[in-house]
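Chemist: What shape does this take:
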Amino acid sequence: MILQTDGTRGGTPGRPVDMRKDELILQAGRTLLLTGGPAALTMEAVARASGVSKATLYRRWPHRDALLEALVLREAQPLLGTLDAVPADAVALAEVLERFLDSMLAFVTQPAYQAYLQAIAALPQPQADLQRIWRLGPQQAIDAVATLLRRHAAAQGRRWPGAARDAETLIGMAMGLELARILYRQPPRQADVRLRQRHVRAVVGRFLDAMPRGGPAVDGGMGRA
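Modeler: Okay, here's the model as predicted:
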């Protein structure tokens with residue numbers, strides 16, 4: 001059985017897969033991950049919480065790391081899907097970036113994700129798990145935004161060599177101190193939809209205003225090393 005890059009599993013010959021059990025497993029795994037961090041995600045705990053046997057669980061995900069990756073990708077892909085575009089002008093680019101950043105902040109400020117951040121800060125977690133989640137979550141988001149910026153520049157016959165750095169800058173501008181507020185158990189400011197959307201528009205506006213007229217220079221992005 002093969003874990004696809006989209007978090008689904010390749011088919012195997014024989015008995016058809018019961019998708020209801022898949023959903024039970026993924027929901028149980030998500031709850032364990034969000035409430036206790038990756039350390040709480042064990043195959044025994046997932047089997048018990050989902051009400052399926054360990055044999056059934058292992059037939060679907062051959063090991064615990066495969067299940068963890070499927071769970072992270074399942075959360076990340078709706079956000080990354082907002083970046084599947086080739087914005088031809090600055091207006092279209094702003095719209096795509098605003099939509100992505102709004103979705104990202106809505107996700108981060110939801111109570112379940114706040115509990116997850118607090119859990120990984122409070123409890124010892126396997127370093128390999130944290131690196132895997134970083135790679136499939138935040139780093140993949142940075143890479144996807146950078147790809148979007150490069151596509152936008154290419155549509156104008158230009159290049160955006162500083163795209164990776166600028167993507168991280170943009171996400172940092174949007175995130176602000178929300179993660180610190182969550183870790184210190186303070187109410188996040190961007191949980192309110194209207195405030196969040198106004199914040200996102202302002203961030204994207206400042207980001208694009210910092211670009212040289214006509215887009216990034218051939219030899220750099222927002223700034224030069």
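Chemist: Where does the record place the domain boundaries for this structure?
Modeler: Domain assignment for the chain by automatic domain parsing gives 19-71, 75-209.
Chemist: what sits against residue 148?
Modeler: With contacts defined as C-beta atoms under 8 Å, 6 or more residues apart in numbering, the neighbours of residue 148 are 83, 85, 87, 93, 96-97, 167. In this view, the C-beta of every residue, glycine as well, is placed from N, C-alpha and C.
Chemist: The same query, at a cut-off of 6 Å, please.
Modeler: Counting by C-beta atoms under 6 Å, 6 or more residues apart in numbering, residue 148 makes contact with residue 83.
Chemist: export the domains of the chain to CSV and tack on mean pLDDT?
Modeler: What follows is those, written out as CSV (pLDDT from 0 to 100):
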stretch, mean pLDDT
domain 19-71, 96
domain 75-209, 95
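Chemist: just so I have it, where are all the helices in this protein?
Modeler: Using DSSP state H, the helices found in the chain span residues 19-36, 43-50, 54-60, 64-80, 90-108, 111-122, 127-136, 138-155, 163-175, 178-183, 193-209.
Chemist: State the number of residues packed around residue 27.
Modeler: The tally of other residues near residue 27 (other C-beta atoms under 10 Å) stands at 14.
Chemist: and if you look at residue 68?
Modeler: Close neighbours of residue 68, defined as other C-beta under 10 Å, add up to 21.
Chemist: do the same with the one 10 residues further on
Modeler: When counting by other C-beta under 10 Å, one arrives at 10 neighbours for residue 78.
Chemist: Residue 141 versus that one, what's the distance?
Modeler: Look at residue 78 and residue 141: by C-beta to C-beta, to the nearest Å, they are 12 Å apart.
Chemist: got any residues that touch both of the two?
Modeler: By C-beta under 6 Å, 6+ apart, residue 78 and residue 141 have no common neighbours.
Chemist: And stretch 188-198, what's buried?
Modeler: Across stretch 188-198, burial judged by 16 or more other C-beta atoms under 10 Å covers 188, 190-191, 196-197.
Chemist: Which member of these is positioned nearest residue 19?
Modeler: Checking the buried residues of stretch 188-198 against residue 19 by C-beta to C-beta gives residue 191 as the nearest, at 32.9 Å.
Chemist: Residue 196: what's its closest spatial neighbour, skipping adjacent residues?
Modeler: residue 190 (4.2 Å; C-beta to C-beta, 6 or more residues apart in numbering).
Chemist: I'd assumed residue 108 was in contact with the one you found.
Modeler: No - in this structure residue 190 lies outside contact range of residue 108 using C-beta atoms under 6 Å: 7.8 Å.
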